[in-house]
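Student: Mind folding the following:
(one chain, ligands or ions: 1)
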Amino acid sequence: MRCGVDVRRALAVLVLACACDAGDGASDDESESSGSESSGSESGGEVWMTLAERPCPEESMLSWESFGGPYVRSYCSSCHGSALPADMRQNAPLGLDFETIEQVRMHADRIWMRAADQNATMPPVGAPAQDERTLLGEWLACGAPTDAELGE
Ligand code: HEC
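Tutor: Next up, the predicted model:
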């Protein structure tokens, strides 16, 4: 097991540890997910139940500037946009907007549940390709960093 450095990674490790304890701990296969539809075979068929379980790859270079910002502006803010009049939101909940990194971080768990990795219920139509959803999961799992934070 790798040593986590940030809180989210530590949390993910904790969750995995708990999941292992629940079983007999005989195998080190951490991708087991009982009860879920593990149809996705991307990245080795791993299916995570929550963002906290989703690991951040050590070498991840995705940032708000290079990935997260363009992603939500392409796929989300046409409905989840603060500047949109209420009747232009196509029923996206009022106040649930994804344009700034603060908004995205605040709702990271909910965004992941609907749009990242194996989750594909948002956007409702014109869904991004699986590889893009996988990248969204990666960026969120890494704490939705900015360029400046990646450079640290
Ligand atoms: C075509 C308009 C549209 C687009 C584009 C869209 N959404 Fe939505 N979104 C909705 C509607 C309508 C709802 C409320 C109904 C529902 O929850 O399915 C919603 C609800 C949500 C919720 C609330 C679920 C909850 O936790 O209560 C989240 C999170 C969400 N969207 C995320 C996203 C993300 C992330 C994107 C971009 C990848 C996105 N949406 C793109 C229309 C849209």
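Student: where along this protein do the helices fall?
Tutor: Ranges of helices in the chain, per DSSP state H, are 7-22, 69-75, 101-106, 108-115, 130-141, 147-151.
Student: Looking at the ones you listed, spot the one closest to residue 54.
Tutor: Closest to residue 54 of the helices of the chain is helix 130-141 (C-beta to C-beta; 4.2 Å). Using the backbone N, CA and C atoms, a C-beta is placed for each residue, glycine as well.
Student: What is that closest one packed up against?
Tutor: Using 3 or more C-beta pairs under 8 Å, 6 or more residues apart in numbering; DSSP states H and E, the elements in contact with helix 130-141 are helix 69-75, helix 108-115.
Student: gap between the last one and the chain center?
Tutor: Spelled out, that is helix 108-115. 6 Å (C-alpha atoms, centre = their mean, to the nearest Å).
Student: Equivalent analysis for the shortest one, please.
Tutor: Taking the mean C-alpha point of helix 69-75 and that of its whole chain, the gap between them comes to 14 Å (C-alpha atoms, centre = their mean).
Student: about what we covered before: reformat the helices and strands packed on helix 130-141 into TSV and put distance to residue 128, mean pLDDT and mean neighbour count next to each item.
Tutor: Below are the helices and strands packed on helix 130-141 laid out as TSV (distance: least, C-beta to C-beta, whole Å; pLDDT from 0 to 100; neighbours: other C-beta atoms under 10 Å):
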stretch	distance to residue 128	mean pLDDT	mean neighbour count
helix 69-75	6	97	17
helix 108-115	8	98	18
